[in-house]
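Q: have a look; sequence and predicted model below, questions after that.
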Amino acid sequence: MTTTPSIAAFDATPLAGKTILITGGAQGIGRGIAQAVLGAGGNVFIGDLDAEAGKACIAEWNVGKRAAFGVLDVSREASVRRWIAAARKRFGPLHGLVNNAGIAHAHTGPLGELSLDLWNRYLATNLTGTFLCSKHMLDDLKQHKGAVVNIASTRALQSEADSEAYAATKGGLLAFTHALAISAGPHVRVNAILPGWIATDAWRKPTERHAPALSRRDHAQHPAGRVGTPEDIGALAVFLLSAQSSFITGQHFVVDGGMTVKMQYV
């Protein structure tokens, strides 16, 4: 005898009681994700090199013990260890990790002029940082059937000239995502988000915050009719961190207003 499937209530606070760690969480997309997690009932521990930006977030959010900040350099293993240990001490069990920290400037000039030092800097921050944070949080996540969300870029799939270092790191994040999903499953789910054009000017620290200078043409070229915002990435991150996405792992999700599926001719 079979039973009729019941209608499940949609959980408006799917991260209630959960603690999520977010690298590069003090500005831009990282801040958007942190605020989305807070809105979904979760606790956040953000890490960033910019202490001024991190402290400003905590003051502006004004959510008491549900949010905290720690200085973090994702390219240095000792810094990653300290940051995660501080999160455990502050919040106890850790349930999710968002690897968002990275160098955001895509263009590094002609390949023949790209120094090995700059190439390695991109790798250390954008790719090795994700490896280090995932490595040192994996046991915590396994204990609580947690989730990892890696923030890549649509530049992992398409490129402009003179962006090899950035594109290589973002493409590497996709491969790291599906590899870790297999290694860490079934206890930990791992997915990636690929943002397109996201306007972050209004999401910077107070001393640098300003309205984005966007034209009608900037918005109109997107099939969705507008440039993206950090909230767009935060909404998907909350879903991927929550039990609502418990059958999704090893995947990457493009959030670009439809730009990568738009045919373009010169």
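A: Looks like it came in fine. All values reported here derive from a predicted model rather than from experimental measurement. Numbers count the residues shown, from 1 in each chain.
Q: tell me where this structure has helices.
A: 28-39, 51-61, 77-91, 116-122, 129-143, 164-184, 216-220, 230-241 (DSSP state H).
Q: how about Asp73, what does it touch?
A: Going by CB atoms under 8 Å, 6 or more residues apart in numbering, Asp73 touches Leu49, Ser79, Val80. Every C-beta, even on glycine, is put in place using the N, C-alpha and C of the backbone.
Q: check what pLDDT Met1 gets.
A: Looking at Met1, its pLDDT reads 56.
Q: and if you look at Thr4?
A: 79.
Q: got the phi and psi for it?
A: For Thr4, the backbone dihedrals (degrees, to the nearest 10) come out as phi -70, psi 130.
Q: now do the closest residue to Leu49 other than its chain neighbours against Ile29, distance only.
A: Leaving aside its sequence neighbours, Leu49 sits nearest to Asp73 (CB to CB, 6 or more residues apart in numbering; 5.9 Å). In this view, Asp73 and Ile29 are 19 Å apart by CB to CB, to the nearest Å.
Q: I'd like to know which of the helices of the chain is closest to Asp11.
A: Minimum separation from Asp11 across the helices of the chain (CB to CB) falls at helix 230-241, 10.7 Å.
Q: point out where the stretch 1-150 of the chain drops to low pLDDT.
A: By pLDDT under 70, the low-scoring segments of the stretch 1-150 of the chain are 1-2.
Q: redo that, cut-off 50
A: Of all residues in the stretch 1-150 of the chain, none has pLDDT under 50.
Q: if we can go back for a sec, out of the helices of the chain, deepest packed?
A: Most buried of the helices of the chain, by mean neighbour count (mean count of other CB atoms under 10 Å): helix 28-39, with a mean of 25.
Q: who are the packing partners of that helix?
A: Contact here means 3 or more CB pairs under 8 Å, 6 or more residues apart in numbering; DSSP states H and E; on that basis helix 28-39 packs against strand 19-23, strand 43-48, helix 51-61, strand 147-151, helix 230-241.
Q: quick one: contacts of the second one?
A: So that's strand 43-48. Residues external to strand 43-48 that are found in contact with it (CB under 8 Å, 6+ apart): 18-27, 30-31, 34, 37-38, 54, 57, 65-72, 74, 83, 86-87, 90-91, 101.
Q: try the third one
A: Residues lying outside helix 51-61 but in contact with it, judged by CB under 8 Å, 6+ apart, are 25-27, 31, 34-35, 38, 46-48, 67-71, 204-207.
Q: for PyMOL, what selects the buried ones among those residues?
A: Those of the contacts of helix 51-61 that count as buried under 16 or more other CB atoms under 10 Å are selected in PyMOL with:
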select buried, resi 25+26+27+31+34+35+38+46+47+48+67+68+69+70+71+204+205
